[in-house]
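In: With the sequence up front, the predicted model follows.
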Amino acid sequence: MSEQETATATGYDALSAEQKWYPRWESAGLFAPHDDPEAPLYTITIPPPNITGSLHMGHALCYSIQDLLGRYHRMRGHRVLILPGQDHAGIATQSLVGKNLKKQGIDPVAIGRDAFIEKVWEWRHESGNTILEQFRALGCAFDWSRLRFTLDEGYTAAVHKVFIDWFERGLIYRGMRVVNWDPILKTSVSDIETERKDIQGKLYHIRYPFADGGGEVIIATTRPETMLADVAVAVHPSDKRYEGLVGKELQLPLTDRLVPLISDEYPDPEFGTGAVKITPAHDPNDFEVGTRHNLPLLRMLDETGKVTELGGIYAGLDRSEARKRVVADLEEQGFLVKIEDHTIPILISQRSGEIVEPLASEQWFVNQRTLAVRAIQVVESGEIEFFPPRFKDVYLDWMNNIRDWCISRQLWWGHRIPIYYTEDGTPFAATSWEEAQSKAGEAKIVRQEDDVLDTWFSSGLWPFATLGWPESTEDLKTFYPTNVLVTARDIIYLWVARMIMMGLDLVDEIPFKHVYIYATVLTKDGKRMSKSLGTGIDPMDVISTKGADVLRYTLLAQTGTNQDLRYSEERTTDARNFCNKVWNASRFVAMNLDGYMPGSLDQLEDFDRWILHRLAECEKTVSQAYESYEMQDALGALYRFFWSELCDWYIEVSKSRLQNPETRAIPQRVLVKCLHDFLRMLHPALPFVSEEVYEMLPIPGKQPFLMAETWPSDLTAWWDPAIDAKIENWLEATRGLRALRAEFGLAAMKSIPKVYFEGALHGGEKVVASQAWVQELVPGKPDGQKFVSTTVAGIDFHLPLEGVVDTEKELTRLDREIAKASEELGKLNQRLQSPAFVERAKPEVVERERAAAQALEDKIAKLRERMALFAG
RNA sequence: GCGCGAUUAGCUCAGCGGUAGAGCACUUCGUUCACACCGAAGGGGUCACAGGUUCAAAUCCUGUAUCGCGCACCA
């Protein structure tokens, strides 16, 4: 499709409007919190995007929501702080800069740690702010004066303090554990940096003979090469097949090692032969078995994925080559029993694309068990609330089964672990070499720990370290705890849980009251957007061609407590049309304000009261929706109010009043009020178009910016269900009459002279006549003319037709109507004739059904009468 | 294997105990002085399936199926 985006003279030009407002808001100082100490507070510390990041659809949604919440609460008069910042993103940044250097022919390893880190800072200053600029384009009203970075000075001090504190409390320890090892990046990686995948692999069955020559045990493995580091074979204590054999020694093939047959709960007797080779250094389960049985820890792979000295003749081979050779040799020497096809689950490292190797290595850990206790409590008690609530269980489930957290990474970019070692390897935690030395006393400090901390360790401090913790700053005292954390569901464990634990432990208060988990943005086919498949849509393309409001509307109008939403091109058209409608209708109002005088809203007509009632209804829905993270309900209500109520009816009905200087004052005031309030309610979602329209209207008490306006507060006074019912009746009558016209080919808006009616319109004659394009609506029945009729909302309309009425056509129409009404009546009567219904249903329901049945009977009778007339 | 979500008009979704709704798409009509990025009218659904509760079920309960998402296991 050729998207000819040429704006017509009457079309809203989003792009130029959007460029205009952001700098104006910013220079007016609207992004920082005001300093009224009496005002309620509203704080969000935004999830810090990676410095390597650029805006994707998930971000666009996440930060639009936060901007919406900020703008909404700002209009509510709250003291709003939306604090932005960035994460240093250890692995992502290090591998990106490393790659860049290699492209320039520089070997990152060769230049050394300090020079490399300098290069990273250079990159960070030149290119690390992309996403912050994109937030501005999206319209995010964040307080840039408080921008934080997880590696800035104060933040680093906070990280050190936590580490030292926890180390000295014994919560942090160093130990040998099996971790996810990326052999390309040569570092441990967290679960979130890996992807689970099932691949078609093999299951190798290998014979391990007993050392005494008496028989054998057959084990099965998917990674045969790891046998080089086997230290035992385990069987389940209840497994009868191995009774009496436990304790005997097995000759480990291809080596000269003997390993014991041990008994442990871990093997599943149902699987394979029930015997499992135990390789503690290369499998987390085996590691635990090894610990239980005090088995040695042998490593047959080094940190680059090559076979170690332990592997003897295989030493130096790559892990995949080693597998081939081991299998070949096993086969040749008669140890290989069989090879089966087997689906095996593997972990792929996101950064390198390499298969993650479970590998034992020295790492630093946090024991989270004691930290978890309060973190569980505050969620169970509801002090912290999840939206949607179902994520509470997800969180609690993980917290209740919490494990130790591996916080060390073998990288250069990040917070270097503040541990210093003496000659004999004793670690001291300190903020500096000097401090460590003084803690060590006599012993001499000889080196600092090389590893850096997991990025989540520092981002876990985000809600308070950004506010100045550990210093007792004004910001910390004022803005902590924050109100809400808006984030994606895949980091509930890695980040949300950590912030809660850290906040409670370090600041002694919850970090936020609400956790809102937003929906995943999918493609129009409901698939995950994928960079490699090219199915991702760049939100910046949408912003630069259609505008940020369009992007925001498309996303926000589909999000609430759902878990996915589908992004599609078609929907951006809806958004554009809506912006255009808002702009055009407002322009129409602006053009019809000749002689406009602000003033009180008295001497209102029914229609004025009706639209004000609908406005009040709209406000109620919108504020409730904004408060409960149901953005789609808010946008739906705004759309309906504006398009289907204000434009389709109120403006149309008011046109004649607006043309007359005698009658125009009131509709002018009502229109200005409706637009004023509507724009205020729309602003949090679509800040640009609302601001642009606000500018062109002569609003009483107008502020320099819509953004600085307050939320409409006087609307409950206009609540009027009686008027609503009355007007709804007129509208229904109008629609019925229009339909009748259309049925007989009388084009819409083409005026016809006279229509008769029977029944009560309660003063709606003029409105119905004008909106159904009838010059005169007269009571009674036409005399001596051919006419057609309809009954709607309890009123009969008779439409005289000049010339010859198509008798056939009219009879068919009446017949169809009778059939329809009869069918409905049948259903109602069936219900009403059932004694159970009449006795047990609520009286008002029975009454309503009775009335409906009566109305249908009347209608059918009239239709029959007309048929008789026509037939005769 | 366990858990969570989804299943309603061609598409995207709302409704969550009282006669099936919206937007888009579709059909017909309309160059009307805010808007054709518009207006009017209209067609289109056994609410995944099977049981149950109830006077009444898209809506509550129990299963089943399909899709998606987690968690655990996988030698």
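Out: Sure, I can see it. Residues are numbered from 1 along each chain as shown, chains lettered A, B, ... in the order given.
In: Tell me the residues of the stretch 351-500 of chain A that contact RNA strand B?
Out: Taking CB under 7 Å from any atom of the strand as the contact definition, the stretch 351-500 of chain A meets RNA strand B at A:390, A:393-394, A:397-398, A:489-490, A:493. The way it works is simple: take the backbone N, C-alpha and C, and place the C-beta from them, glycine included.
In: Chain neighbours aside, what residue packs nearest to A:K527?
Out: Of all residues beyond its chain neighbours, the one nearest A:K527 is A:T535 (6.5 Å), with distances taken as CB to CB, 6 or more residues apart in numbering.
In: quick one, what contacts the residue most central in space within chain A?
Out: Taking CA atoms, centre = their mean, the centroid of chain A lies closest to A:Y518, which sits 2.2 Å from it. Applying CB atoms under 8 Å, 6 or more residues apart in numbering to A:Y518 gives the contacts A:61-62, A:65, A:486-488, A:559.
In: Of the residues you listed - the most surrounded one?
Out: For the contacts of A:Y518, the largest neighbour count, defined by other CB atoms under 10 Å, is 27 neighbours, found at A:L61.
In: Hmm, A:M529 and the residue nearest to A:K527 touching each other?
Out: Yes - between A:T535 and A:M529 a contact is recorded at 5.4 Å, counting by CB atoms under 8 Å.
In: Neighbour count for those two, which is higher?
Out: For the pair A:T535 and A:M529, the greater number of neighbours falls to A:M529 (17 against 14), based on other CB under 10 Å.
In: so who does the more buried one touch?
Out: With contacts defined as CB under 8 Å, 6+ apart, the neighbours of A:M529 are A:56-57, A:521-523, A:535-537, A:567.
In: and it, how far is that from A:W25?
Out: According to CB to CB, to the nearest Å, A:M529 and A:W25 sit 31 Å apart.
In: Surely the residue nearest to A:K527 is in a strand?
Out: No - using DSSP: H, G, I helix; E, B strand; the rest coil, the secondary structure at A:T535 is coil, not a strand.
In: Identify the residues contacting it.
Out: Under the criterion of CB under 8 Å, 6+ apart, the contact partners of A:T535 comprise A:523, A:527, A:529.
In: List phi and psi for it.
Out: Note on A:T535: backbone dihedrals following degrees, to the nearest 10 are phi -100, psi 0.
In: Can you give me the pLDDT of it?
Out: At A:T535 the predicted local confidence, pLDDT, stands at 83.
In: And the lengthiest helix in chain A, what does it pack against?
Out: Once chain A is assigned using DSSP state H, the helix that runs over the most residues is helix A:843-871. Counting contacts by 3 or more CB pairs under 8 Å, 6 or more residues apart in numbering; DSSP states H and E, the secondary-structure elements packed against helix A:843-871 are strand A:787-792, helix A:807-833.
In: swap the cut-off to 10 Å and go again
Out: Contacts defined by 3 or more CB pairs under 10 Å, 6 or more residues apart in numbering; DSSP states H and E place helix A:843-871 against strand A:787-792, strand A:795-800, helix A:807-833, helix A:835-840.
In: tell me the angle it makes with strand A:795-800.
Out: Direction vectors for helix A:843-871 and strand A:795-800, defined by axes from the mean of the first three to the mean of the last three CA atoms, to 10 degrees, enclose an angle of 20 degrees.
In: Show me what the mean pLDDT comes to for helix A:843-871.
Out: Helix A:843-871 carries an average pLDDT of 86.
In: Helices along the stretch 401-550 of chain A, start to end?
Out: Listed from the start of the chain, the stretch 401-550 of chain A has helices (DSSP state H, counting those that start in this stretch) covering A:433-440, A:455-459, A:462-465, A:474-479, A:498-502, A:539-545, A:548-556.
In: what's the next secondary structure element after the longest one?
Out: Which is helix A:548-556. Scanning the chain past helix A:548-556 towards its C-terminal end, the next helix or strand to appear is strand A:564-566 (assignment: DSSP states H and E).
In: From the chain's centroid, how far away is stretch A:39-53?
Out: Using CA atoms, centre = their mean, to the nearest Å, the distance from the centre of stretch A:39-53 to the centre of the chain it belongs to is 15 Å.
In: which regions of the stretch 101-250 of chain A lie under the pLDDT threshold?
Out: Under the criterion of pLDDT under 70, none of the stretch 101-250 of chain A is flagged as low confidence.
In: partner residues bridging the residue in it positioned nearest to RNA strand B?
Out: Nearest residue of the stretch 101-250 of chain A to RNA strand B: A:T221, at 3.3 Å (CB to the nearest atom of the strand). Listed by DSSP bridges, the beta-bridge partners for A:T221 are A:Y204.
In: which SSE is A:D198 in?
Out: Assigned by DSSP H and E, A:D198 falls in strand A:194-209.
In: before we move on, what about A:I348?
Out: The secondary structure element spanning A:I348 is strand A:336-349 (assigned by DSSP H and E).
In: mind listing what's buried in that strand?
Out: Applying a neighbour-count criterion of 16 or more other CB atoms under 10 Å, the buried positions in strand A:336-349 are A:336-337, A:347-349.
In: Pull the most distant pair out of the residues you listed.
Out: With distances taken as CB to CB, the most widely separated pair in the buried residues of strand A:336-349 is A:V337 and A:S349, at 32.7 Å.
In: so where is chain A shaky, pLDDT-wise?
Out: Applying pLDDT under 70 to chain A flags residues A:1-9, A:802-805, A:872.
In: Pull up the residues of the stretch 51-200 of chain A that are close to RNA strand B.
Out: The stretch 51-200 of chain A has residues A:191, A:196 near RNA strand B, with proximity defined as CB under 7 Å from any atom of the strand.
In: Run a quick neighbour tally on the closest residue to A:E619 other than its chain neighbours.
Out: The spatial neighbour of A:E619 that comes closest, neighbours along the chain excluded (CB to CB, 6+ apart), is A:L715 at 4.8 Å. Counted with other CB under 10 Å, residues neighbouring A:L715 total 19.
In: Extract the C-alpha trace of stretch A:262-277 and format it as CSV.
Out: Once side chains and other backbone atoms are set aside, the C-alpha atoms of stretch A:262-277 remain, and they are given as CSV (Å, rounded to 0.1, in the frame of the first residue of the first chain):
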residue,chain,number,x,y,z
ILE,A,262,27.0,-45.2,45.5
SER,A,263,23.4,-45.1,46.7
ASP,A,264,21.5,-41.8,46.5
GLU,A,265,17.9,-40.5,46.2
TYR,A,266,18.7,-38.6,43.1
PRO,A,267,18.6,-41.3,40.3
ASP,A,268,15.1,-42.1,38.9
PRO,A,269,14.9,-45.9,38.8
GLU,A,270,12.3,-45.5,35.9
PHE,A,271,14.7,-43.8,33.6
GLY,A,272,17.1,-45.9,31.5
THR,A,273,19.1,-48.3,33.7
GLY,A,274,18.5,-46.4,36.8
ALA,A,275,22.3,-45.8,37.1
VAL,A,276,23.6,-42.3,36.8
LYS,A,277,27.2,-41.3,36.3
